[in-house]
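In: okay, here's the prediction I keep looking at, along with the sequence it came from:
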Amino acid sequence: MEPSGTLAEQSHSSLLILAVGNPSRGDDALGPLLLERLAAMREQRGDWNDIELLTDFQLQIEHAVDLENRALALFADASVSCPPPFQFTRLRPARDTSYTSHALSPTAVLHVYQQINHIPPPPAFQLAIRGERFELGEPLSAAAEANLTAALAFASQLLTMRDVESWGQFAEVCQNSPWNPFTPM
Amino acid sequence: MSTLETAAQPEYLCRIAIDPLSRVEGHGKVTLFTDRDHHIRQARLHIVEFRGFEKFIQGRPYWEVPVVVQRLCGICPVSHNLAASKAVDQLVGAHEITPTAEKIRRLMHYGQTLQSHAVHFFHLASPDFLFEFDAEVARRNIGGVMADYPDVARQGVRLRKYGQEVIRVTAGKRVHGTGNVPGGVNKALTLQERNYLLADLDLMIQWGRNIVKLIKQAYALNPGYFSDFATIRSNYLSLVRADGALDLYHGGLRTKNDQGQILFDHLDYRRYAQVLREQVKPWSYMKFPFINSLGPDRGWYRVGPLARINNCDFIPTPLAEDERREFAALGEGQPVHLTLAYHWARMIELLHAAEAIHELLLDPDIFGDELVVRGEMAREGVGVIEAPRGTLFHHYRINEDGLIEKANLIVSTTNNNQAMNESIRQVAERYLDGKELTEPLLNQIEVAVRAYDPCLSCATHALGQMPLYVELVEAETGTVMDCLVRDADGTFRHSG
């Protein structure tokens, strides 16, 4: 897309999916790979044109600007702490320990948004996909590949219902019992 | 070199680990050995993870290298991309690329410098200036800055975003850019892209001026502390342009000693291996580079903003040059050795980057259509740039099939390895010796390291991987005497 206007005036799709991770760091590729596969699916469909897919190595303060003028946001990332295959949660702005290092957490990005814009951020959710190995040059592990398949199936379901209420219900279900890819939704 | 590098009889000392360092890019660890009276006997900065860069690159076709090296580091992918591109230019015989290609690359590089310096100052370092060391820990972070200095925080976010947009427009993509190709670039700018980037630029320059002013105010409020904290005398290494100007993209190598005398100048960086060596120490995965003629004990040096501003004769943009003159006066004819002055120098460079972007956007060459040159293939290429954190070397050798046979990278943080160790030893001796260790005191160690803006990044950040704990261990018995833990809300507590 050609740029137009100033940084503050760019037009945005209503739903942003922001995936983070390094494709050359083993299972850290889970986020970018999910996005890549969603992009391929979008090519085949005519009703996903209001979805913007962004990928980056890490979340940083400027990603708060990417959230401006969105109706809904989804953060996708590899996780070493969520139960396999993935976890889907609602996010709220919060200060947390991510100030300690090189990457912000999604909740900290929402907090930055709130601080710089003085309004609440758009409703945001996180799809954390379980990863196991993160060494430079490693391929995706077999376990992560299976988790990615499950996460992709779930994400494609999510995108058929792009409203906060439905996503909130999904998050509640996921919170109460880990997602089983073999259970029809 | 400090005597605190290696203690005599460490088995009788207590060990304290700060692991990982907070508000540093990536993962580093500091270990302190104290005796029972809390006297510091040894202080070391460690790199936790070996990254295996060279192995990752070996065996790949040379034309893939500029793209693939961006995956080495999530913090400065553009720097690796540009250094590798310059090395690959030599492999394809492009000893001089076209004016359009060079100016597009420079734009990309200044965009990278702007965003990197902005995020370091606003997100990582500004709490060190805006709050006292003993301020409430939960407040002494970017959240606290946003609450107490909302305009400063807002400007930081927008500056960072602007720099990222310059990268996106010139590299073609936000990440994993493909704009640089062997011998040049694959696209120039359109008028629409130029106008888009120009639209916000005056504001960015103004904010750059404001930030330098803010740093100067911080210095004026506490010159004694600024002058003393973590300050060490050192040699300096950087690129300079042929006329001695600051140049972040290309030039010859210049080194100065701690008196400001030039050791070597305008050295063709392809000869770097003749003048620089790397020392291996058994306690660290990261090597310790030094100037060969001086040896490892006297030849270590500093790179990055402080080195560049100390080394150059002038800055070729007017606002930043005015600031450089004021800064240089601190040194009274010698280099400025204050470690905290890294922040000041860094913000002068941020202002310079914004000014340089402005000049480049008004240059008609950025719309040119001569993008790539090629010449006679060579087996070896060296690319050097001044990355935001300092001088970055990429050196490749290819085989007859064009596959990388050998790669050698010296990254900016490695160049500063000995200097960072010297700075933490100065802080340990001056501020921690004989005192019971508390979180605010340990934070001073981190402030010293943070001034260098080290990139210890492993470029992986999966959710759930950021513990911070400090253990006080009785080395003789291995008993943990105390443990300091940082909780999810940023507060500290003693545990166990």
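Out: Noted; the coordinates are in hand.

In: nearest residue to the middle of chain A?
Out: The centroid of chain A falls nearest to A:F75 when counting by Cα atoms, centre = their mean (2.0 Å).

In: in chain A, where's the longest helix?
Out: Ordering each helix of chain A by length in residues (DSSP state H) puts helix A:142-158 first.

In: distance from that one to the middle of the chain?
Out: Its chain's average C-alpha position is 13 Å from that of helix A:142-158, according to Cα atoms, centre = their mean, to the nearest Å.

In: quick one: least confident helix or strand in chain A?
Out: Of all helical and strand segments in chain A, the minimum by mean pLDDT, DSSP states H and E falls on helix A:164-176, at a mean of 87.

In: could you list the buried residues of that helix?
Out: Under the neighbour-count criterion of 16 or more other Cβ atoms under 10 Å in any protein chain shown, helix A:164-176 has A:167, A:170-171, A:174 buried. C-beta coordinates here come from the backbone N, C-alpha and C atoms, glycine included.

In: low-confidence ranges in the chain?
Out: Answering for chain A, as no chain was given. A:1-12, A:96-102, A:177-185 (pLDDT under 70).

In: can you look at chain B instead?
Out: Applying pLDDT under 70 to chain B picks out residues B:7-28, B:47-51, B:130-147, B:456-496.

In: quick one: the helices in chain A?
Out: Under DSSP H, chain A gives helices at A:30-44, A:63-66, A:106-117, A:142-158, A:164-176.

In: pretty sure the residue nearest to the centre of chain A contacts A:Q126?
Out: Yes. Using Cβ atoms under 8 Å, A:F75 is in contact with A:Q126, at 4.7 Å.

In: overlap of the contact sets of these two?
Out: Counting by Cβ atoms under 8 Å, 6 or more residues apart in numbering or on different chains, the common neighbours of A:F75 and A:Q126 are A:91, A:106.

In: phi first, then psi, for the closest residue to A:A143 other than its chain neighbours.
Out: Closest residue to A:A143 apart from its sequence neighbours, by Cβ to Cβ, 6 or more residues apart in numbering or on different chains: A:E132 at 5.4 Å. Dihedral angles phi and psi of A:E132 (degrees, to the nearest 10) take the values phi -120, psi -40.

In: what's the answer for the one 3 residues further on, then?
Out: For A:E135, the backbone dihedrals are phi -80, psi 150 (criterion: degrees, to the nearest 10).

In: check the gap between it and chain B for me.
Out: 8 Å (Cβ to the nearest Cβ, to the nearest Å).

In: what about that residue, distance to A:N22?
Out: According to Cβ to Cβ, to the nearest Å, A:E135 and A:N22 sit 11 Å apart.

In: and A:N176, by the same measure?
Out: 32 Å.

In: now do A:C82
Out: Distance, A:C82 to A:N22, using Cβ to Cβ: 18 Å.

In: more neighbours: these two, which one.
Out: A:N22 (30 against 24; other Cβ atoms under 10 Å in any protein chain shown).

In: thinking again about what came up before, could the buried residues of helix A:164-176 be laid out in JSON lines, adding distance to B:A220?
Out: Listed next are the buried residues of helix A:164-176 as JSON lines, based on distance: Cβ to Cβ, whole Å:
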{"residue": "A:W167", "distance to B:A220": "51"}
{"residue": "A:F170", "distance to B:A220": "55"}
{"residue": "A:A171", "distance to B:A220": "51"}
{"residue": "A:C174", "distance to B:A220": "54"}
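
In: now, which of the residues you listed sits nearest B:T339?
Out: A:A171 (46.8 Å; Cβ to Cβ).

In: quick one: contacts for the closest one?
Out: By Cβ under 8 Å, 6+ apart, the residues touching A:A171 are A:88-90, A:125.

In: of all those residues, which two lie farthest apart?
Out: Greatest spatial distance in the contacts of A:A171: A:F88 and A:R90, 8.5 Å, computed using Cβ to Cβ.

In: the more surrounded of the two?
Out: Ranked by neighbour count (other Cβ under 10 Å), A:F88 and A:R90 place A:F88 first, with 23 against 16.

In: bridged to that one, which residues?
Out: A:L127 (DSSP bridges).

In: got the phi and psi for B:D322?
Out: Main-chain torsions, B:D322, degrees, to the nearest 10: phi -60, psi -40.

In: from A:V112, how far off is it?
Out: B:D322 is 32 Å from A:V112, by Cβ to Cβ.

In: spatially nearest residue to B:Q259 (excluding sequence neighbours)?
Out: Closest residue in space to B:Q259, ignoring its immediate chain neighbours: B:Q334 at 5.9 Å, by Cβ to Cβ, 6+ apart.

In: also B:E429?
Out: B:I40 (6.2 Å).

In: what do you get for B:A345?
Out: B:P305 (3.8 Å).

In: neighbours around that neighbour, how many?
Out: With other Cβ under 10 Å as criterion, B:P305 counts 29.

In: that one contacts B:I348, doesn't it?
Out: Yes. With contact defined as Cβ under 8 Å, B:P305 counts as touching B:I348 (7.4 Å).

In: ok so, going back, so can I have JSON lines of the helices of chain A showing distance to B:M1?
Out: Listed next are the helices of chain A as JSON lines, based on distance: least, Cβ to Cβ, whole Å:
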{"stretch": "helix A:30-44", "distance to B:M1": "44"}
{"stretch": "helix A:63-66", "distance to B:M1": "42"}
{"stretch": "helix A:106-117", "distance to B:M1": "39"}
{"stretch": "helix A:142-158", "distance to B:M1": "45"}
{"stretch": "helix A:164-176", "distance to B:M1": "55"}
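
In: of all these, which one comes closest to B:A428?
Out: In terms of Cβ to Cβ, the element of these nearest to B:A428 is helix A:106-117, at 30.9 Å.

In: elements contacting that closest one?
Out: helix A:63-66, strand A:72-79, strand A:86-91, strand A:124-130, helix B:142-148, helix B:150-171 (3 or more Cβ pairs under 8 Å, 6 or more residues apart in numbering or on different chains; DSSP states H and E).

In: before we move on, back to that, quick check: angle from the longest helix of chain A to strand A:72-79?
Out: Orientation check (axes from the mean of the first three to the mean of the last three Cα atoms, to 10 degrees): helix A:142-158 against strand A:72-79 gives 170 degrees.

In: next, the angle from helix A:142-158 to helix A:30-44.
Out: 40 degrees.

In: so which elements touch helix A:142-158?
Out: Where contact means 3+ Cβ pairs under 8 Å, 6+ apart, helix A:142-158 is packed against helix A:30-44, strand A:72-79, strand A:86-91, strand A:124-130, helix A:164-176.

In: of those, which is nearest B:N180?
Out: The nearest among the helices and strands packed on helix A:142-158, by Cβ to Cβ, is helix A:30-44 at 20.6 Å.
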